[in-house]
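Participant: have a look at this prediction, sequence included:
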Amino acid sequence: MKKLLTVAFAAGLAAQIVSAPAQAADAETVFKFYCAQCHGLAGKGDGPNVTKDFPVSPRNFTDAAEMSKLSDADLRNVILDGGPAVSKSPMMPPWAKTLSDEEVDGLIGHLRMLCACEG
Amino acid sequence: MTLKRRDTNRETKMKRLLTTAIGAVGLLAMSSAAQADAAAGQAAFEANGCLDCHYTEGPAREKTIEDQLAKTGPELWYAGDKFVQDWLTAWLTVPAPIRPMKFNSLTEENPGDHPALSADDAASVSDYLMSLTSGVVESGTVKVKKNAKGRVIFSKKMPCSGCHQYTGRKGEPLGGNSGPSLAEAGKRLNPDWILAYLKQPETFKPVKMMPVFVGLLSDKDMANVASYVAYFGTK
């Protein structure tokens, strides 16, 4: 019994260590989970947080003219450090402590797909 | 603590539950009256199907976005850290919407169809839920006040107000819809838990739509914003 317990405990511990780092999910899932609440599920800037008193419109990612003004480096910068890092509204949150590098790479690809444009 | 009427059947069940609770968790310091109510509350929690949507044993189980989206209700394993008991007991009898949106939905409004409990069951379930704690929340860390620094963080420096409802100076509803409403946060949430949640989000919610602010807000600023949030609905 004691041995069984020790084994179970060790297995539990190992499982915890192995699964500790957040797994990278696919870009669309990540976008819909974190970004769509403001930018909308289709990226049109119309998520459920955008009420009449929301101070600025979240970027419409399907607007190729606006989106092509931003390089991939610009996109990474604003996603990681938030609106104020690029002199934009603090309503665009900083995601540096939330998302992994791979997730941010995936998001940049997803935004380029939505705008069908390059930076 | 008021003693409730109970039938013998429940009494036996309760005794058995009590023994298990003492054996497994060793909650020896609790008063026996609180134990009795918590055990009856656990039985009522299970009998009412609450476990279908809420898990009550920590640590947090969610590892991926899919895990979080698969849930049909918020986790309750640290309910005793999170809630103000008077609010909890009352809410269980009249469960008015907390999240403006339906749980895990960005398109549907909260239908407000949460199951309600009788006053008796609500009292014991509330005792049971208040017995569930994480062991990491310190008490006395947050002084609740109309914290001016906290207000600037909440509505200007950081996007908190973009996702959470709160009440404006003239009592008007303001703010976003994707997070739980904080309009009544002072009545509902333990100020010390708010701070702990901001400081150690991975303990309580490893996967959530709210950004992690650790390293972006100092411990002091987290205490200021927790103080401000915990003031909502208290005056």
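Facilitator: Nice, I can see it.
Participant: would you map out the domains in chain B?
Facilitator: B:37-130, B:148-229 (automatic domain parsing).
Participant: quick one: mean pLDDT for the last one?
Facilitator: Regarding domain B:148-229, the rounded mean pLDDT is 97.
Participant: next one, pLDDT for residue 13 please.
Facilitator: By default, I'm working from chain A. 44.
Participant: let me rephrase: I mean chain B.
Facilitator: Looking at residue B:13, its pLDDT is 51.
Participant: and the helix or strand encompassing residue B:66, what's buried?
Facilitator: Secondary-structure assignment from DSSP states H and E places residue B:66 in helix B:65-70. The neighbour-count check on helix B:65-70 (16 or more other CB atoms under 10 Å in any protein chain shown) flags B:65, B:68 as buried. The C-beta positions use only the backbone N, C-alpha and C, and glycine is treated the same way.
Participant: does it reach chain A?
Facilitator: Yes - for helix B:65-70, a contact with chain A is found by CB under 8 Å from any CB of the partner chain, at B:65-66, B:68-69.
Participant: sorry, back to before: pick the most deeply packed of the domains of chain B.
Facilitator: Per-stretch averages of neighbours, counted by mean count of other CB atoms under 10 Å in any protein chain shown, single out domain B:148-229 among these, with a mean of 19.
Participant: now it: how far from the chain's centre is it?
Facilitator: Relative to the chain's own centre, domain B:148-229 is displaced by 14 Å; criterion: CA atoms, centre = their mean, to the nearest Å.
Participant: quote the end-to-end distance of that domain.
Facilitator: The first and last residues of domain B:148-229 sit 11 Å apart, counting by CA to CA, to the nearest Å.
Participant: so is it next to chain A?
Facilitator: Yes - Domain B:148-229 lies within reach of chain A by CB under 8 Å from any CB, at B:156-159, B:162-163, B:174-178, B:206-207, B:209, B:211-216.
Participant: next SSE downstream of the helix holding residue B:66?
Facilitator: Remark: after helix B:65-70, the chain's next helix or strand is helix B:79-82, criterion DSSP H and E.
Participant: follow-up on the earlier one: mean confidence for the helix holding residue B:66?
Facilitator: Here the mean pLDDT over helix B:65-70 is 98, rounded to a whole number.
Participant: just stretch B:109-127 next, same as before
Facilitator: 98.
Participant: give me the contacts around it.
Facilitator: Among residues not part of stretch B:109-127, those counted as contacts by CB atoms under 8 Å, 6 or more residues apart in numbering or on different chains are B:2, B:4-5, B:34, B:37-38, B:40-41, B:44-45, B:48-50, B:85, B:88-90, B:92-103.
Participant: specify the local secondary structure of the closest residue to residue B:110 other than its chain neighbours.
Facilitator: With sequence-adjacent residues excluded and distances taken as CB to CB, 6 or more residues apart in numbering or on different chains, residue B:110 is closest to residue B:97, at 4.1 Å. Per DSSP: H, G, I helix; E, B strand; the rest coil, the local secondary structure of residue B:97 is coil.
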